[in-house]
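Q: Okay, predicted coordinates and the sequence, questions at the end:
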Amino acid sequence: MTDDGTAAAAATGTLGYEQARDELIEVVRRLEAGGTTLEESLALWERGEELAKVCRHWLEGARARLDAALARPQDDGGDEG
């Protein structure tokens, strides 16, 4: 599945959004395809949960940045004067 470095990166949130999303898609594909043992399925499920958490973290950060940008007063530079 993944090496320990990638798992550690996901646990600390250092995976990029696209990398985590792509791996999550692969995990879901493997789970849906079936043919894995119970132990393998559980490991895939746990990895998927970790990856989903990383994706959520990135998306929440992006939302916060967008909210902050939208909350700033806009300077159109033309109405006063």
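A: Ah, there it is.
Q: What ranges in the chain fall below the confidence cut-off?
A: 1-13, 75-81 (pLDDT under 70).
Q: Nearest the geometric middle of it, what residue?
A: residue 55 (1.3 Å; Cα atoms, centre = their mean).
Q: any idea which helix is longest in this protein?
A: helix 38-71 (DSSP state H).
Q: which of the residues in it are buried?
A: Buried residues in helix 38-71, counted by 16 or more other Cβ atoms under 10 Å: 44, 47, 48, 50, 51, 54, 55, 58. In short, each C-beta sits where N, CA and C put it, glycine included.
Q: What's the separation between the last one and residue 73?
A: Taken as Cβ to Cβ, to the nearest Å, the spacing of residue 58 relative to residue 73 amounts to 27 Å.
Q: Repeat that for the fifth one.
A: When Cβ to Cβ is the yardstick, residue 51 and residue 73 sit 38 Å from each other.
Q: Over to the first one?
A: Residue 44 sits 48 Å away from residue 73, taking Cβ to Cβ as the criterion.
Q: what's near enough to touch the closest residue to residue 30 other than its chain neighbours?
A: Nearest non-adjacent residue to residue 30, counting by Cβ to Cβ, 6 or more residues apart in numbering: residue 44, 5.8 Å away. Listed by Cβ atoms under 8 Å, 6 or more residues apart in numbering, the contact partners of residue 44 are 1, 27, 30, 31, 36.
Q: One more: residue 68?
A: Residue 68 neighbours (Cβ under 8 Å, 6+ apart): none.
Q: what do you get for residue 34?
A: Residue 34 neighbours (Cβ under 8 Å, 6+ apart): none.
Q: name the element residue 24 belongs to?
A: Element membership for residue 24, per DSSP states H and E: helix 17-33.
Q: That helix - contacts with which helices or strands?
A: helix 38-71 (3 or more Cβ pairs under 8 Å, 6 or more residues apart in numbering; DSSP states H and E).
Q: quick check: angle from the helix it packs on to helix 17-33?
A: Angle of helix 38-71 versus helix 17-33, following axes from the mean of the first three to the mean of the last three Cα atoms, to 10 degrees, is 140 degrees.
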